[in-house]
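Participant: Structural data only, the sequence is not supplied:
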């Protein structure tokens, strides 16, 4: 029998919070709000906690657990992978973190020309043998914002810019949060959405729409936060994080604002700081 060094005793007395595999590319099936599914590729990590008395974990078992569920690997079945990790690795805690793009069809506002626009999503989940479960759902969406100050003081026009909105929420245990719902919240609070295809008539329409809906970076996080606080007060989510980063068109720097409300779960507290958790 070949030696199993990972199972040997370690005498340094240091518990490892997370150990496992990262930068794994794997097919993912995503259910869509309107029905049907979208097939994408996730970049994911799978980790477990390691007690102080064990030298190492068994890395091959992570991929075994993932491939056991290869025909049904979806955000709503990740808990099955977590159970496999707990069982195969005899761990007390197991974590799956993944990021993935999806492409949604969008029509231009006037010409109705249709194209695909991409969004980046984050899904994180954990389980423990003590019965603790937690998950976070997040999205990054690009929008247009137009500066209210520029509009107020300028005789001709106003400067605008592309802005990146980050939303991360912790759903209640019995609630399912659609990724598309988070996109809707980000876009309806912007000066204007982005479109994959714009004819001249469309460009006129989106320029004028943005001009009629100026937004500071502070407006963005407050308005989005207000919508999410409605979900928080209704008990659908337990925690929210909103950030807006404006890639300024007339400055050599970005404008940034963020808010956080609610109760962090074990995915964020005390395992890692919120900034790392949201942007990693």
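Facilitator: Cool, got the structure. Note that the coordinates shown come from a computational prediction; the quantities given were computed from them, not determined experimentally.
Participant: Residue 235 contacts residue 171, doesn't it?
Facilitator: No: with contacts counted by CB atoms under 8 Å, residue 235 stays clear of residue 171, the gap being 10.3 Å. Any C-beta I mention is one placed from the backbone N, CA and C, and that applies to glycine too.
Participant: Between those two, point out the one with more neighbours.
Facilitator: Between residue 235 and residue 171, counting by other CB atoms under 10 Å, residue 171 is the more crowded of the two (18 against 10).
Participant: Now the nearest residue to that one once chain neighbours are set aside: phi and psi?
Facilitator: Spatial nearest neighbour of residue 171, excluding adjacent residues (CB to CB, 6 or more residues apart in numbering): residue 177 at 4.7 Å. Phi and psi for residue 177, reported as degrees, to the nearest 10, are phi -100, psi 120.
Participant: for residue 177, what are its contacts?
Facilitator: 137, 169, 171, 236, 237 (CB atoms under 8 Å, 6 or more residues apart in numbering).
Participant: Tell me the most packed of the residues you listed, by neighbour count.
Facilitator: residue 169 (26 neighbours).
Participant: What residues of stretch 19-26 count as buried?
Facilitator: Judged by neighbour count (16 or more other CB atoms under 10 Å), stretch 19-26 contains these buried residues: 19, 20, 21, 24, 26.
Participant: Restricted to helices, list those residues.
Facilitator: Assigned to helices by DSSP state H, none of these qualify.
Participant: Where does the prediction get shaky in the stretch 1-150 of the chain?
Facilitator: 1-10, 69-71 (pLDDT under 70).
Participant: where do the helices sit along it?
Facilitator: For the stretch 1-150 of the chain, applying DSSP state H, counting those that start in this stretch gives helices covering 60-68, 78-89, 148-153.
Participant: So the residue nearest in space to the middle of the chain versus residue 166, what's the distance?
Facilitator: Closest to where the C-alpha atoms of the chain average out (CA atoms, centre = their mean) is residue 138, at 2.4 Å. The gap separating residue 138 from residue 166 is 7 Å, by CB to CB, to the nearest Å.
Participant: got it, and residue 126?
Facilitator: Residue 126 is 21 Å from residue 166, by CB to CB.
Participant: Next: residue 221.
Facilitator: For residue 221, the distance to residue 166 - CB to CB - is 10 Å.
Participant: Find the residues that touch each one of these two.
Facilitator: Jointly contacting residue 221 and residue 166 under the rule CB under 8 Å, 6+ apart are 242, 243, 244, 258.
Participant: Report the spatially nearest residue to the third one, omitting neighbours in sequence.
Facilitator: In this structure, residue 244 finds its nearest non-sequential neighbour in residue 220, 3.9 Å apart by CB to CB, 6+ apart.
Participant: hey, where'd the strands end up in the stretch 1-150 of the chain?
Facilitator: 16-31, 37-50, 93-107, 114-128, 133-146 (DSSP state E, counting those that start in this stretch).
Participant: Could you tell me the angle between the longest one and helix 78-89?
Facilitator: Translated: strand 16-31. 140 degrees (axes from the mean of the first three to the mean of the last three CA atoms, to 10 degrees).
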